[in-house]
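# structure here, sequence nowhere to be found:
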Ligand code: C5P
(Lines give C-alpha, C1' and ligand atoms only; values in the text may rest on other atoms or scores of the structure.)
Protein backbone atom coordinates (compact mmCIF):
# COMPACT_ATOMS: atom_id res chain seq x y z
CA UNK A 1 0.00 0.00 0.00
CA UNK A 2 1.39 3.45 -0.87
CA UNK A 3 0.15 6.64 0.77
CA UNK A 4 1.05 9.90 -0.84
CA UNK A 5 1.04 12.91 1.50
CA UNK A 6 2.18 16.08 -0.15
CA UNK A 7 5.61 15.36 -1.54
CA UNK A 8 6.35 12.46 0.81
CA UNK A 9 5.66 8.90 -0.18
CA UNK A 10 5.16 6.69 2.86
CA UNK A 11 5.30 2.98 2.32
CA UNK A 12 3.44 0.74 4.72
CA UNK A 13 5.82 -2.17 5.00
CA UNK A 14 4.44 -5.65 4.45
CA UNK A 15 5.98 -8.57 6.36
CA UNK A 16 4.75 -11.45 4.27
CA UNK A 17 6.51 -10.50 1.05
CA UNK A 18 10.20 -11.31 0.61
CA UNK A 19 11.80 -10.04 -2.58
CA UNK A 20 14.84 -11.79 -4.05
CA UNK A 21 16.64 -9.95 -6.84
CA UNK A 22 19.91 -10.59 -8.62
CA UNK A 23 21.37 -11.77 -11.93
CA UNK A 24 20.79 -15.23 -13.39
CA UNK A 25 22.46 -18.23 -11.78
CA UNK A 26 22.88 -16.79 -8.28
CA UNK A 27 20.39 -19.27 -6.79
CA UNK A 28 17.29 -17.05 -6.60
CA UNK A 29 14.89 -19.77 -7.77
CA UNK A 30 16.24 -22.43 -5.41
CA UNK A 31 16.16 -20.02 -2.48
CA UNK A 32 12.65 -18.86 -3.40
CA UNK A 33 11.25 -22.40 -3.28
CA UNK A 34 13.16 -23.37 -0.13
CA UNK A 35 11.71 -20.34 1.68
CA UNK A 36 8.23 -20.83 0.18
CA UNK A 37 8.11 -24.39 1.46
CA UNK A 38 9.31 -23.37 4.89
CA UNK A 39 6.85 -20.47 5.18
CA UNK A 40 3.95 -21.97 3.18
CA UNK A 41 3.92 -19.02 0.77
CA UNK A 42 3.56 -18.67 -3.01
CA UNK A 43 6.41 -17.92 -5.42
CA UNK A 44 6.41 -15.33 -8.19
CA UNK A 45 9.05 -16.17 -10.81
CA UNK A 46 8.83 -12.85 -12.66
CA UNK A 47 11.53 -13.94 -15.13
CA UNK A 48 9.07 -16.51 -16.48
CA UNK A 49 6.73 -13.70 -17.55
CA UNK A 50 9.58 -12.00 -19.43
CA UNK A 51 10.45 -15.37 -20.95
CA UNK A 52 6.82 -15.65 -22.07
CA UNK A 53 7.28 -12.33 -23.84
CA UNK A 54 10.48 -13.66 -25.44
CA UNK A 55 8.61 -16.81 -26.49
CA UNK A 56 5.77 -14.79 -28.05
CA UNK A 57 8.32 -12.88 -30.06
CA UNK A 58 10.49 -15.84 -31.17
CA UNK A 59 8.03 -18.72 -31.46
CA UNK A 60 4.66 -17.07 -31.99
CA UNK A 61 6.25 -14.48 -34.30
CA UNK A 62 4.60 -11.45 -32.72
CA UNK A 63 6.85 -8.93 -34.37
CA UNK A 64 6.12 -5.54 -32.86
CA UNK A 65 5.94 -4.44 -29.24
CA UNK A 66 2.34 -3.36 -29.71
CA UNK A 67 1.37 -6.82 -31.00
CA UNK A 68 2.92 -8.41 -27.92
CA UNK A 69 1.24 -5.94 -25.55
CA UNK A 70 -2.13 -6.47 -27.27
CA UNK A 71 -1.74 -10.24 -26.98
CA UNK A 72 -0.87 -9.94 -23.26
CA UNK A 73 -3.80 -7.62 -22.60
CA UNK A 74 -6.36 -9.88 -24.20
CA UNK A 75 -4.99 -13.15 -22.82
CA UNK A 76 -5.99 -14.91 -19.63
CA UNK A 77 -2.73 -15.23 -17.69
CA UNK A 78 -2.59 -17.03 -14.37
CA UNK A 79 0.61 -17.64 -12.41
CA UNK A 80 0.95 -21.02 -10.76
CA UNK A 81 3.30 -22.13 -7.97
CA UNK A 82 4.09 -25.83 -8.26
CA UNK A 83 5.71 -26.54 -4.86
CA UNK A 84 5.93 -30.28 -5.59
CA UNK A 85 8.32 -29.77 -8.55
CA UNK A 86 9.74 -26.45 -7.24
CA UNK A 87 8.78 -24.57 -10.39
CA UNK A 88 6.44 -21.80 -11.41
CA UNK A 89 4.26 -22.17 -14.46
CA UNK A 90 1.93 -19.92 -16.41
CA UNK A 91 -1.61 -20.76 -17.42
CA UNK A 92 -1.92 -18.93 -20.72
CA UNK A 93 -5.42 -19.06 -22.18
CA UNK A 94 -6.01 -22.43 -20.52
CA UNK A 95 -2.68 -23.91 -21.67
CA UNK A 96 0.10 -24.53 -19.15
CA UNK A 97 3.48 -23.20 -20.28
CA UNK A 98 6.74 -23.42 -18.39
CA UNK A 99 9.28 -25.92 -19.68
CA UNK A 100 9.31 -24.51 -23.22
CA UNK A 101 10.32 -21.11 -21.84
CA UNK A 102 13.46 -22.29 -20.08
CA UNK A 103 16.14 -22.08 -22.74
CA UNK A 104 18.93 -19.59 -23.29
CA UNK A 105 17.65 -18.19 -26.64
CA UNK A 106 14.34 -17.26 -25.08
CA UNK A 107 16.14 -15.82 -22.03
CA UNK A 108 18.26 -13.57 -24.23
CA UNK A 109 15.24 -12.38 -26.24
CA UNK A 110 13.42 -11.82 -22.92
CA UNK A 111 16.31 -9.61 -21.78
CA UNK A 112 16.22 -7.56 -24.97
CA UNK A 113 12.47 -7.00 -24.70
CA UNK A 114 12.64 -6.36 -20.94
CA UNK A 115 14.32 -3.03 -21.77
CA UNK A 116 11.07 -1.74 -23.25
CA UNK A 117 8.82 0.34 -21.01
CA UNK A 118 5.67 -0.81 -22.86
CA UNK A 119 6.51 -4.43 -22.10
CA UNK A 120 7.38 -3.81 -18.44
CA UNK A 121 4.18 -1.80 -17.90
CA UNK A 122 2.06 -4.51 -19.52
CA UNK A 123 3.00 -7.04 -16.85
CA UNK A 124 3.13 -4.94 -13.66
CA UNK A 125 -0.42 -5.75 -12.58
CA UNK A 126 -0.03 -9.46 -13.28
CA UNK A 127 3.01 -9.47 -10.99
CA UNK A 128 1.40 -7.43 -8.21
CA UNK A 129 -1.69 -9.65 -8.33
CA UNK A 130 0.51 -12.64 -7.50
CA UNK A 131 0.50 -11.39 -3.89
CA UNK A 132 -2.28 -12.91 -1.83
CA UNK A 133 -2.14 -11.22 1.61
CA UNK A 134 -3.60 -14.38 3.21
CA UNK A 135 -0.76 -16.50 1.83
CA UNK A 136 2.49 -14.52 1.57
CA UNK A 137 4.84 -14.27 -1.42
CA UNK A 138 8.47 -14.84 -2.33
CA UNK A 139 9.04 -12.61 -5.38
CA UNK A 140 12.02 -13.54 -7.55
CA UNK A 141 13.39 -11.28 -10.29
CA UNK A 142 15.42 -8.18 -11.09
CA UNK A 143 13.18 -5.34 -9.88
CA UNK A 144 11.04 -6.99 -7.23
CA UNK A 145 12.39 -4.86 -4.38
CA UNK A 146 12.95 -1.67 -6.36
CA UNK A 147 9.76 -1.44 -8.46
CA UNK A 148 7.15 -4.19 -8.06
CA UNK A 149 7.05 -4.69 -4.26
CA UNK A 150 8.86 -1.72 -2.68
CA UNK A 151 6.63 -2.31 0.37
CA UNK A 152 8.31 -5.66 1.17
CA UNK A 153 9.98 -5.41 4.56
CA UNK A 154 12.69 -7.91 3.64
CA UNK A 155 14.53 -7.39 0.36
CA UNK A 156 17.31 -9.77 -0.57
CA UNK A 157 19.89 -9.24 -3.31
CA UNK A 158 21.99 -12.24 -4.34
CA UNK A 159 25.23 -12.02 -6.28
CA UNK A 160 28.03 -14.36 -7.43
CA UNK A 161 30.82 -14.28 -10.02
CA UNK A 162 29.82 -14.90 -13.67
CA UNK A 163 32.08 -18.03 -13.72
CA UNK A 164 30.34 -19.62 -10.72
CA UNK A 165 26.94 -18.77 -12.20
CA UNK A 166 27.83 -20.23 -15.61
CA UNK A 167 28.92 -23.45 -13.94
CA UNK A 168 25.67 -23.69 -11.98
CA UNK A 169 23.60 -23.01 -15.10
CA UNK A 170 25.60 -25.65 -17.02
CA UNK A 171 24.83 -28.23 -14.32
CA UNK A 172 21.12 -27.38 -14.42
CA UNK A 173 21.03 -27.73 -18.21
CA UNK A 174 23.02 -30.99 -18.13
CA UNK A 175 20.57 -32.42 -15.58
CA UNK A 176 17.83 -31.72 -18.11
CA UNK A 177 19.83 -33.66 -20.72
CA UNK A 178 20.87 -30.56 -22.69
CA UNK A 179 24.37 -30.19 -24.10
CA UNK A 180 26.39 -27.18 -22.98
CA UNK A 181 29.33 -25.20 -24.35
CA UNK A 182 30.80 -23.53 -21.28
CA UNK A 183 32.42 -20.61 -23.12
CA UNK A 184 29.16 -19.72 -24.91
CA UNK A 185 27.18 -19.98 -21.69
CA UNK A 186 29.55 -17.61 -19.90
CA UNK A 187 29.30 -15.11 -22.77
CA UNK A 188 25.49 -15.29 -22.72
CA UNK A 189 25.48 -14.68 -18.97
CA UNK A 190 27.76 -11.65 -19.33
CA UNK A 191 25.64 -10.32 -22.20
CA UNK A 192 22.45 -10.64 -20.14
CA UNK A 193 24.10 -8.94 -17.13
CA UNK A 194 25.11 -6.09 -19.39
CA UNK A 195 21.55 -5.75 -20.77
CA UNK A 196 19.92 -6.01 -17.32
CA UNK A 197 22.23 -3.67 -15.40
CA UNK A 198 22.52 -0.94 -17.99
CA UNK A 199 18.95 -0.51 -19.18
CA UNK A 200 17.24 2.80 -18.45
CA UNK A 201 14.05 1.35 -16.97
CA UNK A 202 14.17 -0.84 -13.86
CA UNK A 203 17.86 -1.72 -14.13
CA UNK A 204 19.11 -4.61 -12.04
CA UNK A 205 20.41 -3.16 -8.77
CA UNK A 206 19.89 -3.79 -5.05
CA UNK A 207 16.89 -2.02 -3.52
CA UNK A 208 17.71 0.39 -0.71
CA UNK A 209 18.24 -1.49 2.54
CA UNK A 210 18.66 -4.88 0.81
CA UNK A 211 20.29 -7.80 2.53
CA UNK A 212 23.14 -8.46 0.05
CA UNK A 213 24.51 -12.00 -0.03
CA UNK A 214 27.35 -13.31 -2.20
CA UNK A 215 26.40 -16.94 -2.81
CA UNK A 216 29.65 -17.96 -4.61
CA UNK A 217 30.94 -19.99 -1.67
CA UNK A 218 27.74 -20.66 0.27
CA UNK A 219 25.43 -23.67 0.28
CA UNK A 220 21.72 -23.11 -0.25
CA UNK A 221 21.14 -23.95 3.45
CA UNK A 222 23.61 -21.24 4.50
CA UNK A 223 21.88 -18.67 2.29
CA UNK A 224 18.47 -19.78 3.61
CA UNK A 225 19.62 -19.40 7.22
CA UNK A 226 20.96 -15.88 6.61
CA UNK A 227 17.60 -14.85 5.12
CA UNK A 228 15.58 -16.52 7.89
CA UNK A 229 17.71 -14.86 10.60
CA UNK A 230 16.80 -11.49 9.10
CA UNK A 231 13.17 -12.45 8.59
CA UNK A 232 12.78 -13.47 12.24
CA UNK A 233 14.08 -10.06 13.34
CA UNK A 234 11.24 -8.23 11.55
O1 LIG B 1 15.04 -14.75 -14.25
P2 LIG B 1 15.19 -15.15 -15.69
O3 LIG B 1 16.58 -15.49 -16.06
O4 LIG B 1 14.20 -16.19 -16.07
O5 LIG B 1 14.79 -13.84 -16.51
C6 LIG B 1 14.92 -13.73 -17.90
C7 LIG B 1 15.16 -12.27 -18.26
O8 LIG B 1 13.98 -11.50 -17.95
C9 LIG B 1 16.27 -11.57 -17.47
O10 LIG B 1 17.55 -11.69 -18.07
C11 LIG B 1 15.83 -10.12 -17.44
O12 LIG B 1 16.26 -9.43 -18.59
C13 LIG B 1 14.32 -10.19 -17.51
N14 LIG B 1 13.73 -9.91 -16.21
C15 LIG B 1 13.52 -8.59 -15.87
N16 LIG B 1 12.89 -8.30 -14.70
C17 LIG B 1 12.50 -9.27 -13.87
C18 LIG B 1 12.73 -10.62 -14.18
C19 LIG B 1 13.37 -10.93 -15.37
O20 LIG B 1 13.89 -7.70 -16.60
N21 LIG B 1 11.86 -8.92 -12.75
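Cool, got the structure. The structure presented is a predicted model; accordingly, all values stated were derived computationally and were not measured. Numbers count the residues shown, from 1 in each chain.
# residue 19: which element?
Assigning secondary structure by DSSP states H and E places residue 19 in strand 14-21.
# and residue 48, by the same measure?
Using DSSP H and E, the element containing residue 48 is helix 46-58.
# what angle do that helix and strand 14-21 make?
Between helix 46-58 and strand 14-21, the angle comes out at 50 degrees (axes from the mean of the first three to the mean of the last three Cα atoms, to 10 degrees).
# can helix 46-58 be found next to the ligand?
Yes. Residues of helix 46-58 are located near the ligand by Cβ under 6 Å from any ligand atom, namely 46-47, 50-51. (Each C-beta comes from the backbone N, C-alpha and C, glycine too.)
# ok, now which ones touch the closest residue to residue 106 other than its chain neighbours?
Excluding the flanking residues, the one nearest residue 106 by Cβ to Cβ, 6 or more residues apart in numbering is residue 54, at 4.4 Å. Contact analysis of residue 54 by Cβ atoms under 8 Å, 6 or more residues apart in numbering lists 101, 106-113.
# between these, which is closest to residue 224?
Relative to residue 224, the closest of these is residue 107; by Cβ to Cβ it sits at 25.1 Å.
# that closest one contacts residue 52, doesn't it?
No. Counting by Cβ atoms under 8 Å, residue 107 does not reach residue 52; the two are 11.6 Å apart.
# which one's the longest helix in the protein?
helix 182-198 (DSSP state H).
# now do that one: which elements does it pack against?
Applying 3 or more Cβ pairs under 8 Å, 6 or more residues apart in numbering; DSSP states H and E, we find helix 182-198 packed against helix 104-113, helix 162-175.
# reformat those helices as CSV; add distance to the ligand.
Formatted as CSV, the helices and strands packed on helix 182-198 follow (distance: least, Cβ to the nearest ligand atom, whole Å):
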stretch, distance to the ligand
helix 104-113, 3
helix 162-175, 9
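# select, out of those helices, the one closest to residue 204.
The nearest among the helices and strands packed on helix 182-198, by Cβ to Cβ, is helix 104-113 at 10.1 Å.
# report the buried residues of whichever helix or strand comes after that closest one.
Next in sequence after helix 104-113, counting helices and strands by DSSP H and E, comes helix 117-122. Buried positions in helix 117-122, judged by neighbour count with 16 or more other Cβ atoms under 10 Å: 119-120, 122.
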